[in-house]
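> Whatever this is, show me its structure:
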Amino acid sequence: MSGIPRQHRADEITDATATRTGRRARRLTPVGERGLTLARVGAQTVEYRMHGDGPGTVLLFHGGHMRAQLALGEDVFTDAGLRVLIPSRPGYGRTPLTGPSTGAAPVTDFTDTMARLCRNLGVDQVAAVVGISAGGRTALTMAARHPDLVQRVILQSPVGFLPWPDRRTHLGGRILFHPAVEAVTWALVRAAIRFAPGQALRLLTRDLSLLPVGQVLAQLSAADRATLTGLYTSMRSGRGFVADMLPVADCTAHISQPALVIATRNDRSVPVAHAQSLTAAMPRAELVESRADSHMIWFAPDYPAIAAQIRAFLLTDHHTAGGHVNA
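The predicted model follows:
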């Protein structure tokens, strides 16, 4: 399959579900080039992928260093009978970073663009907006700005509106993942994985967990290690990660939808305080604590139970059930 996305204008009707692969995604799977579409929506260009063929749709925003080509835990949604719409956020893939050089403006503009794209695709409501890691603030902004479109919010290891990242990560990130340097950084990562995969995985895992890295890696199967290293070899930062580190306006006061927030206390990359503060700020939010050893909750032994909670949350009629209410 060609890696060059198809293109269409905003006023065209496109059958995006025809791009699915027909294969069930693993819980964490780098999928390479897979049925990408490049859409012109007003003045913005958006790269996206649609996975699954259910009657309902989930809108998923990936975290840092991820783009639409890569899959991360999508099977929980397709198993629930839903399609998943995955865009590349601004600065990642072929979605350009536009607007002023602030964190808030690209996020708010992009969520408005995504709302328009959803309606161009015939999606009048999304069953949930999903935010993973640094994509959490985009998902929250989407829910706050478009409550008529977004029915629920699901956050996984989310970055919230507390200061993030820490000073060391911020300084290192601006150097290693600067747009002029990030291609070299990821080329070095790929070389390290090729020639010394064990040592490379140890180095890459260190910043994801508060636990000893040896303990974290010992819990991974050989297949999980292969999947994780495959993901790292496919990552790029573009202009997106430096933008992710900029502040975004806190919109939690405007979110009324039911929300499911999933995080682990062992996360070094995004402290669990982010998930806790988001849960406290949203009146219909529930915090689910994963027992994962690291930021990557999809590898935890309790992930099947968490996936069951996600499916139950998606299938619950929160208008009649009352939703999840904070005390």
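
> Assign residue 98 to helix, strand or coil.
With DSSP: H, G, I helix; E, B strand; the rest coil as the basis, residue 98 sits in coil.

> From what I see, it and residue 113 are in contact.
No: using C-beta atoms under 8 Å, residue 98 is not in contact with residue 113; the gap is 9.6 Å. (Each C-beta comes from the backbone N, C-alpha and C, glycine too.)

> Could you check which of those two is surrounded by more residues?
residue 113 (22 against 15; other C-beta atoms under 10 Å).

> any idea of the mean pLDDT for the helix or strand that contains the more buried one?
Assigned by DSSP states H and E, residue 113 belongs to helix 104-120. Averaged across helix 104-120, the pLDDT comes to 91.

> which of the residues in that helix are buried?
Neighbour counts using 16 or more other C-beta atoms under 10 Å place 104, 106-118, 120 of helix 104-120 among the buried residues.

> one step back: could you name every residue contacting both of residue 98 and residue 113?
Here residue 98 and residue 113 share the contacting residues residue 44, scored by C-beta atoms under 8 Å, 6 or more residues apart in numbering.

> Just the buried positions in the helix or strand harbouring residue 280, please.
Using DSSP H and E, residue 280 sits within helix 272-281. By neighbour count with 16+ other C-beta under 10 Å, helix 272-281 contains the buried residues 272, 274, 275, 276, 277, 278, 279, 281.

> Sheet-wise, list the partners of the very next helix or strand once past that helix with their directions.
For helix 272-281, the succeeding helix or strand toward the C-terminus, using DSSP H and E, is strand 285-290. Within its sheet, strand 285-290 is paired with strand 259-264 (parallel), according to DSSP bridges.

> Taking helix 272-281 as reference, get the angle to the strand it pairs with.
160 degrees (axes from the mean of the first three to the mean of the last three C-alpha atoms, to 10 degrees).

> CA atoms only: put strand 259-264 into PDB for me.
C-alpha atoms of strand 259-264 as PDB (Å, rounded to 0.1, in the frame of the first residue of the first chain):
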ATOM      1  CA  ALA A 259     -15.300  11.100  31.900                       C
ATOM      2  CA  LEU A 260     -13.200   8.100  32.500                       C
ATOM      3  CA  VAL A 261      -9.600   8.900  33.600                       C
ATOM      4  CA  ILE A 262      -7.000   6.000  33.600                       C
ATOM      5  CA  ALA A 263      -3.500   6.400  35.100                       C
ATOM      6  CA  THR A 264      -0.900   4.600  37.200                       C
END
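
> hmm, who's touching it?
143, 152-158, 270, 272, 274-276, 278-279, 282, 284-295, 297, 300, 306, 309-310, 313, 324.

> let's see it at 6 Å
Residues outside strand 259-264 that contact it (C-beta atoms under 6 Å, 6 or more residues apart in numbering): 153-157, 272, 275, 278-279, 282, 285-288, 290, 292, 297, 313.

> Over to stretch 272-289?
Stretch 272-289 has contacts (C-beta under 6 Å, 6+ apart) with 158-160, 162, 252, 255, 258-263, 265, 309, 323-325.

> for stretch 141-149, same thing?
Residues outside stretch 141-149 that contact it (C-beta under 6 Å, 6+ apart): 107, 111, 115, 129, 150, 153, 251, 254, 255, 257.

> try stretch 210-223
202, 205, 206, 209, 266, 268, 293, 294.

> From residue 213, how far out is residue 205?
As defined by C-beta to C-beta, to the nearest Å, residue 205 lies at a distance of 5 Å from residue 213.

> Counting neighbours, go ahead and name the busier of these two.
For residue 205 versus residue 213, the count of surrounding residues by other C-beta under 10 Å is larger for residue 205: 22 against 18.

> show me what contacts the more buried one?
213, 216.

> Look up how far residue 156 lies from it.
18 Å.

> swap in residue 311?
With C-beta to C-beta as the criterion, residue 311 and residue 156 are 14 Å apart.

> more neighbours, those two?
The residue with more neighbours, out of residue 311 and residue 156, is residue 156; 29 against 16, by other C-beta under 10 Å.

> Could you verify my assumption that that one touches residue 131?
No: Residue 156 is beyond contact range of residue 131, at 7.3 Å (criterion: C-beta atoms under 6 Å).

> so what sits against both of the two?
Joint contacts of residue 156 and residue 131 (C-beta under 6 Å, 6+ apart) do not exist.

> Sketch out the low-pLDDT regions of the stretch 51-200 of the chain for me.
Along the stretch 51-200 of the chain, segments meeting pLDDT under 70 span 99-105.
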